[in-house]
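Chemist: Quick one: sequence and predicted model below, then my questions.
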Amino acid sequence: MTVLSPRGFVASATAAGIKPDGQLDLALVATEDARPVPVGAAFTSNLLAAAPVQVCRAHLAESGGLSAGIILNSGCANSATGPEGRLAAELTCDLAARALGVRPEHFLVCSTGTIGTRLAGERIEAALPLLMGGRGSSPDHAAAAAKAILTTDTRTKEVVVEASGFMVGGMAKGAAMLSPNMATMLAVLTTDASSSPQALHAALASAVGHSFNEMTVDGCTSTNDSVIVMASGVGPEVEVEALTEALTAACDDLALQMVADAEGGTKVVRVRVVGAPDGDSARRAARRVAESQLVKSSWYGEDPNWGRVVSELGSAGTPFEPDRVSVAYGPVTVCRDGVAVDHDEEAIRGVLSADQFEVTCDLGLGRCSATVISADLTPAYVELNMGLS
């Protein structure tokens, strides 16, 4: 049941008319007893933060990190919509809070879809009675909520992690504009562990840093990125370390699902940089390769073009010595000490034809490493992002 696997939560979904043709576009995840509980959250680093991100930040500050639920809509990002957009986001929280008998600051709101489009608050208001009245804890309720938040995704993204004495569940969406921090993504996580807002926030920050912030599809950072975790407290009090481990496992799984569903993507590629003098250099170099249009196109063409990889490493703005670098696709080394080496052509074809593989870049300058998950660049990505709707 994913997001409803931990005890103490309910969900629902309905069609508010934000998307065409009666598609599900409005979802709710809330506590079973409408009780505000501890929340941890991470949001986009884009300075063009969407109205719902602004409202969430304000509500969490006002409530001391407590929330009774989250309403999410797809089909409209409610970003770059000025004061009118902020009012629509506030109205959504006000209506939901009134329905559950809590204060408005005890509700959060997320949106995803087209930037610059007005969110029709009146449609959400009309659909809210059905959304609130349809709350439940069945697998169908969880599945409907996960479906309602999708945009260009081709499938839902859900996860469950069983830990010692508690569980973490989650749902997410994201297929493009995927680049930290964090990505064009929404993720709602739940846990039945007992935790304070401060501990929950710290655990989530670490989890996001080792998952969503280590993936990229196209190098673009959205205005709406939100990851929110709620702790019902039905289960035992959990140490921050255990909570961090479970949340990291859940977020890492969801991040991989997002890259696997990248717009037009056919391959998931882990770019691993080793032999760097420090961690920051390793991360920057890995991201440079993972976001290179030339490299990503070669992955789609199943071409072991290591020259493109080495060129990106040399322009990453990090320490680099040409005669020390090596590149391997899977277990097959194609470049050593900055020059080509003989390799098994059939073996390299086998690596590149798979739907997942790893590219390892050894800088030969130290002991630090980093990995970024990416996808190939295909004609389908261009077609999906040409502006046609």
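Modeler: Done, it's in.

Chemist: Let me see the residues that make contact with the host helix or strand of Gln198.
Modeler: For Gln198, the enclosing helix or strand under DSSP states H and E is helix 197-209. Taking C-beta atoms under 8 Å, 6 or more residues apart in numbering as the criterion, the residues outside helix 197-209 that touch it are 38-42, 64-66, 181-182, 189, 195, 227, 229, 231, 240, 243-244, 247-248, 250-252. To be clear about C-beta, it is placed using only N, CA and C from the backbone, and glycine gets the same treatment.

Chemist: Just the buried ones among those residues, please.
Modeler: Members of those that pass the buried threshold by neighbour count (16 or more other C-beta atoms under 10 Å) are listed as 38-42, 65-66, 182, 189, 195, 227, 229, 231, 243-244, 247-248, 250-252.

Chemist: Give the helix, strand or coil label for the residue of the chain most remote from its centre.
Modeler: In the chain, counting by C-alpha atoms, centre = their mean, Asp342 sits farthest out from the average C-alpha position, at 39.3 Å. Taken by DSSP: H, G, I helix; E, B strand; the rest coil, the conformation at Asp342 corresponds to coil.

Chemist: any idea how far it lies from Arg336?
Modeler: Taking C-beta to C-beta, to the nearest Å as the criterion, Asp342 is separated from Arg336 by 10 Å.

Chemist: do Val273 as well
Modeler: Distance, Val273 to Arg336, by C-beta to C-beta: 16 Å.

Chemist: Identify the residue spatially nearest to Val238, adjacent ones excluded.
Modeler: In space, Val238 comes closest to Ala193 once its chain neighbours are excluded; the distance is 4.1 Å by C-beta to C-beta, 6 or more residues apart in numbering.

Chemist: Output the below-cut-off pLDDT ranges for the protein.
Modeler: 175-184, 218-220, 387-389 (pLDDT under 70).

Chemist: May I have the strands that pair with the very next helix or strand once past the helix holding Gln198, each with its orientation?
Modeler: On the C-terminal side of helix 197-209, the closest following helix or strand by DSSP H and E is strand 226-231. The partner list of strand 226-231 in its sheet, established with DSSP bridges, is strand 37-43 (antiparallel), strand 186-191 (parallel).

Chemist: Would you enumerate the residues in contact with Ala41?
Modeler: With C-beta under 8 Å, 6+ apart, Ala41 has these contacts: Cys56, Leu60, Leu108, His201, Leu204, Ser226, Val227, Ile228, Val229.

Chemist: Val273 and Arg336: which is more packed in?
Modeler: Applying other C-beta atoms under 10 Å to Val273 and Arg336 shows that Val273 carries more neighbours, namely 28 against 16.

Chemist: which SSE is that one in?
Modeler: Using DSSP H and E, Val273 sits within strand 268-276.

Chemist: I'd like the C-alpha coordinates of that strand written as CSV, please.
Modeler: Output in CSV follows, covering the C-alpha atoms of strand 268-276 (Å, rounded to 0.1, in the frame of the first residue of the first chain):
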residue,chain,number,x,y,z
VAL,A,268,19.5,4.4,-16.6
VAL,A,269,23.1,5.3,-16.2
ARG,A,270,25.2,5.6,-13.0
VAL,A,271,28.1,7.9,-13.5
ARG,A,272,30.7,7.1,-10.9
VAL,A,273,33.8,9.3,-10.5
VAL,A,274,36.6,7.8,-8.4
GLY,A,275,40.1,8.9,-7.6
ALA,A,276,39.1,12.5,-6.9
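
Chemist: Okay then, goodbye and thanks.
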